[in-house]
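> Structure, please.
(one chain, ligands or ions: 2)
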Amino acid sequence: MVHEAQRKLVQEVAAAGSLAGALPAKYVLRESDRPTAGVPATSLDFPTVDLRRLADPAAAAEESSKLLSALHSWSAFAVSGHGIPGPLLDGLLAAAREFFHRPPAEKLRHSNVVASSAAGADADERFQFQPEGYGVDRVDTDEQVLDWCDRLYLQVSPPESRRLRFWPAHPPSLRRLLEDFTAASGDRVAAPLLAAMGAALGFPEDVFSGRLGGDRAATYARFTYYPPCPRPDLVNGVKPHTDNSVLTVLLLDPDVAGLQLLLNRDVAGGDGVTAGEWVDVGGLGHDLLVIVGDEMEIMSNGVFRAPVHRVVTSVKERVSLVMFYLPEPERNLEPVEELVDETRPAMYRKLKADTFADGFFDAFAAGERAIDFLKLRVVQQDAVAAASTS
Ligand SMILES: O=C(O)CCC(=O)C(=O)O
Ligand SMILES: [Fe+2]
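Ligands and ions are numbered 1, 2, ... in the order given. Down below sits the predicted model:
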């Protein structure tokens with residue numbers, strides 16, 4: 001069964017709202033949850049990792065320690081030297097923007113609300129939501145405050161898992177651009193960074209990547225369209241969350257900022273910023289942004305932590321593309337044994353990657369962190385006791 005708000009495209013709400021000058025109550029946050037201005041990352045030492053230097057034997061050690069320090073302090077960093085041509089990045093975001101500007105009926109051919117597979121479904125149950133395709137995020141309840149964005153969510157890897165009926169036909173360039181970016185972002189950004197993260201901790205390069213399922217590891221692309229919002233002070237573009245990923249690679253709108261990271265540790269630079277503050281990340285040009293996801297937090301036994309982040313809206317439209325790198329669904333997700341010992345027992349329970357992903361979407365709709373929602377944190381005392389008796 002599909003909630004009635006599931007079919008409400010924010011783009012149409014925005015168009016109607018600009019005429020009436022009002023914002024529907026479903027999007028309006030309680031006062032305590034409303035967004036606040038962030039500290040600009042440009043005023044701080046927001047780290048950039050240069051992939052060319054990471055691949056250069058003469059510079060790799062220095063760049064690797066920069067990577068490690070970025071991961072420890074920010075759990076996120078900009079990436080330069082990735083070698084992905086600027087015209088591909090610009091062309092892809094332009095094509096995405098063009099798709100979101102197409103007429104609703106055309107976009108809805110790729111809707112994330114589909115005919116139900118349940119036999120004998122009655123009128124209420126003839127349709128169901130599933131994550132792939134175009135539309136809004138999953139709506140479960142009347143109480144849920146809705147995010148001010150429409151999205152297009154597609155599995156891009158492995159190639160045989162692509163469900164092309166969800167891939168836009170217009171503009172015709174979009175498909176090829178997405179295929180090219182998928183290959184480049186995987187080979188030139190995600191793979192070398194995963195290897196470098198293992199090596200930076202002193203382990204073999206495949207300590208993380210070797211547990212993702214090789215060619216069967218999954219990648220999802222999420223294009224998000226944030227329509228111009230008449231009251232950015234009242235809504236979330238995307239509510240605070242961590243990502244369902246090992247690593248997330250983001251291609252941000254070069255012209256309109258909106259992404260904010262919640263610091264989970266103090267960082268130096270500028271006047272220094274303390275944990276618990278929101279930082280505006282934007283203006284990266286053709287650099288990409290990389291964020292640690294929940295699955296890496298689990299695999300690294302909490303050495304790397306997934307940062308909470310959100311998107312705030314503005315009176316200008318905004319488009320972004322996010323690539324989520326995930327294990328093969330059948331794999332078990334658990335701390336790698338290299339990072340577990342008696343002094344640091346496993347801090348998270350084991351579960352299958354697809355069970356985590358399902359739970360992630362339940363938690364996201366409820367506005368909670370999947371790791372907490374699924375009760376994956378092992379109470380430290382229990383873990384220590386278990387380690388000493390085994
Ligand atoms: O649009 C953005 O900048 C980020 C969106 C995001 O955090 C997500 O889709 O997980
Ligand atoms: Fe995110």
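> Tell me which residue of the stretch 1-150 of the chain lies closest to ligand 1.
Nearest residue of the stretch 1-150 of the chain to ligand 1, counting by CB to the nearest ligand atom: residue 149, 7.6 Å away. Any C-beta I mention is one placed from the backbone N, CA and C, and that applies to glycine too.
> Check what pLDDT that residue gets.
As predicted, residue 149 sits at a pLDDT of 98.
> On the pLDDT front, check the closest residue to residue 366 other than its chain neighbours for me.
Residue nearest to residue 366 in three dimensions, not counting chain neighbours: residue 373, with 6.8 Å by CB to CB, 6 or more residues apart in numbering. Confidence at residue 373, expressed as pLDDT, is 95.
> In this structure residue 373 contacts residue 362, no?
Yes: between residue 373 and residue 362 a contact is recorded at 6.7 Å, counting by CB atoms under 8 Å.
> shared neighbours, those two?
Counting by CB atoms under 8 Å, 6 or more residues apart in numbering, residue 373 and residue 362 have no contacts in common.
> before we move on, back to that, number of nearby residues for the residue of the stretch 1-150 of the chain closest to ligand 1?
Neighbour count of residue 149, defined by other CB atoms under 10 Å: 24.
> Distance of it relative to residue 46?
Residue 149 is 24 Å from residue 46, where distance means CB to CB, to the nearest Å.
> same thing with residue 23?
Using CB to CB, residue 23 is found at 32 Å from residue 46.
> ok, now which ones touch the most centrally placed residue in the chain?
Central residue of the chain (CA atoms, centre = their mean): residue 243, 4.4 Å from the mean position. When contacts are counted by CB under 8 Å, 6+ apart, residue 243 touches 291, 293, 294, 306, 322, 324.
> higher neighbour count, residue 23 and residue 46?
residue 46 (23 against 17).
> Check the residue in the chain that ligand 1 sits nearest to and give its pLDDT.
Relative to ligand 1, the nearest point of the chain is residue 320 (3.4 Å; CB to the nearest ligand atom). Looking at residue 320, its pLDDT stands at 98.
> do the one 5 residues further on as well
In the prediction, the pLDDT value recorded for residue 325 is 98.
> Could you pull up the residues touching it?
Residue 325 makes contacts with 186, 190, 194, 212, 217-219, 245-249, 293, as judged by CB under 8 Å, 6+ apart.
> a helix runs through it, doesn't it?
No: under DSSP: H, G, I helix; E, B strand; the rest coil, residue 325 falls outside any helix and is assigned strand.
> how about the strands in the stretch 101-250 of the chain?
Taking DSSP state E, counting those that start in this stretch, the strands of the stretch 101-250 of the chain run over residues 113-115, 127-129, 133-135, 150-157, 218-226, 238-241, 247-251.
> got these as CSV, with mean neighbour count columns?
Conversion of the strands of the stretch 101-250 of the chain to CSV gives the following (neighbours: other CB atoms under 10 Å):
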stretch, mean neighbour count
strand 113-115, 14
strand 127-129, 18
strand 133-135, 24
strand 150-157, 22
strand 218-226, 23
strand 238-241, 20
strand 247-251, 24
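> low pLDDT regions in the stretch 101-250 of the chain?
Along the stretch 101-250 of the chain, the parts satisfying pLDDT under 70 run over 119-124.
> what residues does the chain put near ligand 1?
Residues of the chain found near ligand 1 (CB under 6 Å from any ligand atom) are 222, 224, 238, 243, 250, 252, 258, 259, 309, 311, 320, 322.
> Determine which two of the residues you listed are furthest apart.
243 and 258 (16.0 Å; CB to CB).
> Can you list the residue ranges for helices in this structure?
Using DSSP state H, the helices of the chain run over 10-20, 51-54, 60-73, 86-100, 104-107, 173-184, 191-200, 206-209, 294-299, 353-366, 370-373, 380-389.
> okay, the second one in PDB with CA atoms only?
Looking back up the chat, that one is helix 51-54. Extracted C-alpha coordinates of helix 51-54, given in PDB (Å, rounded to 0.1, in the frame of the first residue of the first chain):
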ATOM      1  CA  LEU A  51      44.600  11.300  -6.000                       C
ATOM      2  CA  ARG A  52      47.500  12.000  -8.300                       C
ATOM      3  CA  ARG A  53      49.700  12.400  -5.200                       C
ATOM      4  CA  LEU A  54      48.300   9.300  -3.700                       C
END
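> for stretch 279-296, what is the average pLDDT?
pLDDT averaged over stretch 279-296 gives 96.
> Quick one: distance of it to the chain centre.
Stretch 279-296 sits 9 Å away from the centroid of its parent chain (CA atoms, centre = their mean, to the nearest Å).
> Pull out the buried residues from that stretch.
By neighbour count on 16 or more other CB atoms under 10 Å, the buried set for stretch 279-296 is 279-282, 284, 287-296.
> residues touching the closest residue in space to residue 15 that isn't next to it in sequence, list them.
Distance criterion CB to CB, 6+ apart; nearest residue to residue 15, sequence neighbours excluded, is residue 227 at 7.7 Å. Counting by CB under 8 Å, 6+ apart, residue 227 touches 10, 11, 13, 14, 15, 148, 149, 150, 317.
> Just the buried ones out of these, please.
Buried by 16+ other CB under 10 Å: 10, 11, 13, 14, 148, 149, 150, 317, out of those.
> quick one: which two of those residues are the most distant?
Within these, 13 and 317 form the most distant pair, 13.5 Å apart (CB to CB).
> Can you tell me how far the residue nearest to residue 15 is from residue 351?
As judged by CB to CB, residue 227 and residue 351 stand 37 Å apart.
> Residue 107 versus residue 76, what's the distance?
In terms of CB to CB, residue 76 sits 31 Å off from residue 107.
> if you count what's nearby, which of those two comes out ahead?
residue 76 (24 against 21).
> I figured the more buried one hits residue 288, correct?
No: between residue 76 and residue 288 there is no contact, the gap being 11.1 Å when judged by CB under 8 Å.
> what's around residue 50, how many residues?
19.
> Could you pull up the residues touching the residue lying closest to it once chain neighbours are set aside?
Excluding its sequence neighbours, the residue lying closest to residue 50 (CB to CB, 6+ apart) is residue 81, at 4.3 Å. Shown in contact with residue 81 (CB under 8 Å, 6+ apart): 50, 51, 52, 53, 54.
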